[in-house]
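3D, please:
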Amino acid sequence: MPIDIDTFDKRSSEELNGLTNAEKVVRFLAANDDAAYTPSEIAARVDVKKNSIGTVLSRLEDRDLVRHKGDYWAIGDPDTVRDAYEAHRLLESLDERYGTEDLEEWREHAAEGE
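Numbers count the residues shown, from 1 in each chain. Purely as a prediction, here's the structure:
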């Protein structure tokens, strides 16, 4: 499916290649919600570089999407994960329909209203 040139110009290679590392981790842990894994095990299963997995897990934990005890990590609260996924899909849909926002343009207009 083709994408418009603005999307091509504004998105990173990672965004255009599909799932982000965070999405890969959440999907894996959600699909395996009956177990907890070490960061190395998660990295190997979802094809994320070992030196990146710690940062990914920490950011997901900050958003309550994963949890951990000791060296093990598991999916977070199912309701929280579902709500985050639904919000993510809605934002993607809006971006596809109306285009992504330009943060600098938004800041300029926000400053005008003061």
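
to what extent is Glu101 buried, counted in neighbours?
10 (other Cβ atoms under 10 Å). Glycine gets a C-beta too; all of them are placed from N, C-alpha and C.

surely it is in a strand?
No - Glu101 is assigned coil when assessed by DSSP: H, G, I helix; E, B strand; the rest coil, not a strand.

state the distance from it to Val25.
The gap separating Glu101 from Val25 is 26 Å, by Cβ to Cβ, to the nearest Å.

do Arg11 as well
From Arg11 to Val25 the distance is 20 Å (Cβ to Cβ).

these two: who's more crowded?
Val25 (27 against 14).

thinking the more buried one is in contact with Val56, fair?
Yes - counting by Cβ atoms under 8 Å, Val56 is a contact partner of Val25 at 5.6 Å.

after the helix or strand hosting Phe28, which helix or strand is next? Please name it.
If you go by DSSP states H and E, Phe28 is part of helix 21-31. Where DSSP H and E defines the elements, the next helix or strand beyond helix 21-31 is helix 39-46.

since that was my last question, I'll sign off now.
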